[in-house]
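A.B. asks: sequence unknown, structure follows:
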């Protein structure tokens, strides 16, 4: 019996996998799943459904408290539904809001941040409207395409959501169009060389991923095949053909990853042609970006984000010391260096600290120093810096932690040092709200939270907030 011939479940029948329900979609979560209610009250999550839709869904998972449905048919379309954003299969799982109007997406993201603060007991905190550049297509400057074999040729795509099954995609609306062209060309060239795709189950095959980066303000393009071996069959022929096809390429590297792991990049890089890094300009500062270095994937939105953070950090008069924790290659600290008499950056990764020093030197920024330190180990966090500079009394601390947020010991450490202002940049609204609640208990007032949409069409949102010591 076909999807359209299956009899929809009605009344209060017991929910079973394979049965169909007509659902009114009343909510949408940050994973892009529409939420409807089954006759027995259980929530049913349906990817691709939008608030206001009436849909027919087939149940593919039934739990005691919820169910998951596959969208079979849209019976009535929502006023918020928009089609045609991307031609990639829905199963790629990247653009969870691809069927939603962008205005509605921004409303949902603001509400998501507000809910996180309410759950943390901070309902009184003001959450502003989401700031955005307005660009929703082609904004990513980085791509990591898993490679598979399809019809006897190498193809790139994306992992289906929550799996390592490669969904072949000739196009991605979030990437610049040249990335699609380079992916297609690399796959064609290496197919002609007899290169095989890596198979995670067997550990066989050579080409694992294609890693691409672009400098938005410089036009630099880095191409980096990730291989399960030491070399390509004809590296010179590959380089020559690729450079002829794309004159804008400035770096061709090989990344060696022979480990049985789902980690994309190995630790070893070998330059085949051109520079060993990417150059770009962010917030007026020129950065040399190593292939393994963290760099925001949305250049223009990152400038918006850092600009907001700078306004919170820099007062009318010239500030004293800015302490930039989780500083990476120094992007935030160096972008604010003209507003402080001194900048100290701390980062656990030694290579990132070396990059930060290089970036400071190449921009003639003499008031910024960078040291290794672990934000999770407060006893040694400032040891290297204070050994060189003496006891630090920062006027402002910048926090830009990973998604898991800050350890409580770090927040207590900052409060004990009576840091006057903390500017917190976060990629996780839930952990941001949790940490703000801790800092409130430690004597800090929470300012307005400003969400910034660095990842349009996805469920992610960044935020900035300034906390002031009472």
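C.D. replies: Yep, it's here. Keep in mind the model is a prediction, meaning the values are calculated, not measured.
A.B. asks: hmm, residue 446 and residue 127 touching each other?
C.D. replies: No: Residue 127 lies out of contact with residue 446 (C-beta atoms under 8 Å); the separation is 10.8 Å. Every residue, glycine included, has its C-beta placed from N, CA and C.
A.B. asks: which of these two has more neighbours?
C.D. replies: Ranked by neighbour count (other C-beta atoms under 10 Å), residue 127 and residue 446 place residue 127 first, with 23 against 20.
A.B. asks: ok, the more buried one to residue 451 distance?
C.D. replies: To residue 451, residue 127 is 7 Å away according to C-beta to C-beta, to the nearest Å.
A.B. asks: quickly list what's touching both of the two.
C.D. replies: 110, 113 (C-beta atoms under 8 Å, 6 or more residues apart in numbering).
A.B. asks: show residues contacting the longest strand along the chain.
C.D. replies: What stands out as the longest strand in the chain, according to DSSP state E, is strand 66-76. For strand 66-76, contacts defined as C-beta under 8 Å, 6+ apart pick out 3-4, 15, 20-23, 33, 36, 38, 42-49, 53-61, 81.
A.B. asks: give me the pLDDT for residue 88.
C.D. replies: We have a pLDDT of 79 for residue 88.
A.B. asks: these two touch, right, residue 218 and residue 279?
C.D. replies: Yes: taking contacts as C-beta under 8 Å, residue 218 lies within contact range of residue 279: 4.9 Å.
A.B. asks: what about residue 75, neighbour count?
C.D. replies: By other C-beta under 10 Å, the residues close to residue 75 number 12.
A.B. asks: please apply the same query to residue 163.
C.D. replies: So residue 163, with other C-beta under 10 Å, has 10 neighbours.
A.B. asks: repeat that for the one 4 residues further on.
C.D. replies: A total of 19 residues lie near residue 167 under the criterion other C-beta under 10 Å.
A.B. asks: distance check, it against residue 89.
C.D. replies: 5 Å.
A.B. asks: tell me which of residue 218 and residue 279 has more neighbours.
C.D. replies: A side-by-side neighbour count of residue 218 and residue 279, using other C-beta under 10 Å, places residue 279 first with 18 against 14.
A.B. asks: in the sheet, who's paired with the more buried one?
C.D. replies: The partner list for residue 279 in beta bridges (DSSP bridges) reads residue 288.
A.B. asks: quick check: it touching residue 221?
C.D. replies: No: Residue 279 lies out of contact with residue 221 (C-beta under 8 Å); the separation is 11.0 Å.
A.B. asks: who touches both of these two?
C.D. replies: Counting by C-beta under 8 Å, 6+ apart, the common neighbours of residue 279 and residue 221 are 215, 250.
A.B. asks: list the buried residues for stretch 326-344?
C.D. replies: By neighbour count on 16 or more other C-beta atoms under 10 Å, the buried set for stretch 326-344 is 326-337, 339-340, 342-344.
A.B. asks: endpoint to endpoint, it covers what distance?
C.D. replies: Using C-alpha to C-alpha, to the nearest Å, the span of stretch 326-344 from its first residue to its last is 11 Å.
A.B. asks: let's see the pLDDT reported for residue 376.
C.D. replies: What the model reports for residue 376 is a pLDDT of 89.
A.B. asks: and what of residue 161?
C.D. replies: pLDDT at residue 161 comes out at 75.
A.B. asks: now it, nearest residue through space, not along the chain?
C.D. replies: residue 93 (3.1 Å; C-beta to C-beta, 6 or more residues apart in numbering).
A.B. asks: what's the answer for residue 394, then?
C.D. replies: Using C-beta to C-beta, 6+ apart and skipping the chain neighbours, the partner closest in space to residue 394 is residue 323 (3.8 Å).
A.B. asks: my guess is residue 367 contacts residue 339. True?
C.D. replies: No: taking contacts as C-beta under 8 Å, residue 367 lies outside contact range of residue 339: 10.4 Å.
A.B. asks: list residues touching both of these two?
C.D. replies: By C-beta under 8 Å, 6+ apart, no residue touches both residue 367 and residue 339.
A.B. asks: residue 423 reaches residue 400, doesn't it?
C.D. replies: No: using C-beta under 8 Å, residue 423 is not in contact with residue 400, being 9.0 Å away.
A.B. asks: just checking, residue 342 touches residue 320?
C.D. replies: Yes: Residue 342 is within contact range of residue 320, at 6.9 Å (criterion: C-beta under 8 Å).
A.B. asks: in the stretch 151-300 of the chain, which spans are helices?
C.D. replies: Remark: helices assigned in the stretch 151-300 of the chain by DSSP state H, counting those that start in this stretch are 177-192, 235-245, 299-313.
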